[in-house]
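**Q** let me see the structure of the following:
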Amino acid sequence: TASHNHYQDNGIKIFTKKNGKLTQEDEQTIMHFFYNEVPACSYEKIGTEIIKSDATDLYLDALKIHFPSHFLKGIRLIIDCANGSYAHKIPFFLESFGAQVTTLATTPDGKNINAHCGSLHPKHLQELVKSSGAHAGFAFDGDGDRLIAVGQDGTCKDGDEIIGFLMNNPVYAQTPTVVGTVLSNQGLQDFVEKQGKFFYRTAVGDKLVIEKMKEVGALIGGEPSGHIILKDFSFTADGLFTLLQIAYTATLSQNWSLNSFTKLPQAHINMPTSCKKDLSLDPYQSIITYHRHQLKQGRLIVRYSGTEPLLRISVEAPTYEEALTIGTVLSEQLAEALTKESV
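**A** Okay, here's the model as predicted:
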């Protein structure tokens with residue numbers, strides 16, 4: 001899987017029965033063995049390999065028991081499979097619930113994963129949903145743990161909006177707590193708290209969201225990127241289960257626009273960077289603090305990407321214009337400071 005990236009990042013994911021995705025401690029242990037000589041040992045003594053040729057069918061069967069049969073009868077969906085892991089059996093699986101399914105990006109060739117398709121490129125999906133009169137559209141990323149939804153009017157819904165919409169689902173309406181990240185829109189927090197629930201934020205990373213969900217007993221959590229963790233099924237993000245829960249919620253509410261709450265305007269700027277300097281040090285910290293004070297209402301987050309050579313700036317403000325202006329000036333000043341320090 002290349003996750004949401006290009007094929008050059010293709011690799012594998014490892015899951016454990018207990019925790020789902022590996023912990024940071026697990027990853028560090030593997031990295032240690034990778035870069036150091038591993039003691040000679042017999043594979044017969046350290047573990048067992050079991051090949052499950054029917055793993056996909058077992059997975060789909062496990063999903064199916066959570067939903068009424070044919071609950072999507074007469075519903076038209078458009079699915080962008082990102083030329084990834086959901087490209088083959090998933091369209092037929094959705095049709096088994098009665099849906100009429102149109103698919104995009106279902107011909108993976110090893111190099112076209114996420115290429116101008118999937119959750120990071122929803123424009124074509126939006127246009128098709130609106131022009132075809134479909135009830136909704138959904139876009140996975142390459143490995144299927146992210147999901148972006150498109151309402152009947154062609155409006156794109158990110159992970160925050162999906163969480164807000166799923167709060168109308170009878171299962172998640174009962175949860176006393178919801179978990180997001182520092183990037184979650186303030187509108188989502190306000191929406192959750194108006195329902196008398198607690199909203200917790202973590203640093204960016206679905207593994208951190210999962211840890212906090214376990215700690216506070218939340219049934220639902222996630223990231224704006226589309227990682228949605230629904231504890232009633234799994235302690236890892238599962239795009240297909242999320243899709244089914246969205247569709248089930250929409251059939252109950254007849255709300256195929258998938259609207260839930262009003263977001264505070266946000267601007268996101270990605271700055272290419274070849275060297276990750278410590279942003280808690282001057283002059284970087286002073287520059288960031290100055291612009292944070294310029295923001296009379298809203299939030300400012302500056303962080304390095306965990307997977308790409310990028311510095312990400314996110315600004316929340318009463319208007320998009322204000323958010324974009326502050327973010328742009330900040331990015332220019334940080335770029336200048338980082339360049340000087342690198343010379």
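**Q** residue 284 and residue 58, how far apart?
**A** 50 Å (Cβ to Cβ, to the nearest Å). Bear in mind the C-beta positions are built from the backbone N, C-alpha and C, glycine included.
**Q** between these two, who's got more neighbours?
**A** Remark: of residue 284 and residue 58, residue 284 carries more neighbours, 19 against 9, as counted by other Cβ atoms under 10 Å.
**Q** the residue of the chain lying at maximal distance from its centre: which element?
**A** Here the chain reaches farthest from its C-alpha mean at residue 40, the gap being 39.8 Å by Cα atoms, centre = their mean. When secondary structure is defined by DSSP states H and E, residue 40 falls outside every helix and strand.
**Q** same check on residue 242?
**A** For residue 242, the host element (DSSP H and E) is helix 239-253.
**Q** for residue 64, which non-adjacent residue is closest in space?
**A** In space, residue 64 comes closest to residue 96 once its chain neighbours are excluded; the distance is 7.7 Å by Cβ to Cβ, 6 or more residues apart in numbering.
**Q** and for residue 297?
**A** Once chain neighbours are set aside, the closest to residue 297 by Cβ to Cβ, 6+ apart is residue 318, at 5.6 Å.
**Q** so the one you found belongs to a strand, correct?
**A** No: counting by DSSP: H, G, I helix; E, B strand; the rest coil, one finds residue 318 to be coil, located in no strand.
**Q** show me the contacts for it.
**A** Applying Cβ atoms under 8 Å, 6 or more residues apart in numbering, we find residue 318 in contact with 264-265, 297-298.
**Q** now, which of the residues you listed sits nearest residue 44?
**A** For those, the minimum distance to residue 44 (Cβ to Cβ) is 57.4 Å, reached by residue 264.
**Q** neighbours around that closest one, how many?
**A** 20.
**Q** with residue 238 instead?
**A** Residue 238 is surrounded by 22 other residues when neighbours are defined as other Cβ under 10 Å.
**Q** before we move on, what about residue 228?
**A** Using other Cβ under 10 Å, the number of residues around residue 228 comes to 27.
**Q** and what of the one 3 residues further on?
**A** Other residues within reach of residue 231, judged by other Cβ under 10 Å, total 17.
**Q** distance check, it against residue 238.
**A** From residue 231 over to residue 238 the distance is 11 Å, taken as Cβ to Cβ.
**Q** you'd agree residue 304 is up against residue 313?
**A** No: between residue 304 and residue 313 there is no contact, the gap being 10.8 Å when judged by Cβ atoms under 8 Å.
**Q** more crowded one of those two?
**A** Using other Cβ under 10 Å as the criterion, residue 304 and residue 313 rank with residue 313 on top: 22 against 15.
**Q** centre of the chain to the host helix or strand of residue 44, how far?
**A** Under the criterion DSSP H and E, the helix or strand holding residue 44 is helix 43-46. Taking Cα atoms, centre = their mean, to the nearest Å, the mean C-alpha location of helix 43-46 is offset from the chain mean by 37 Å.
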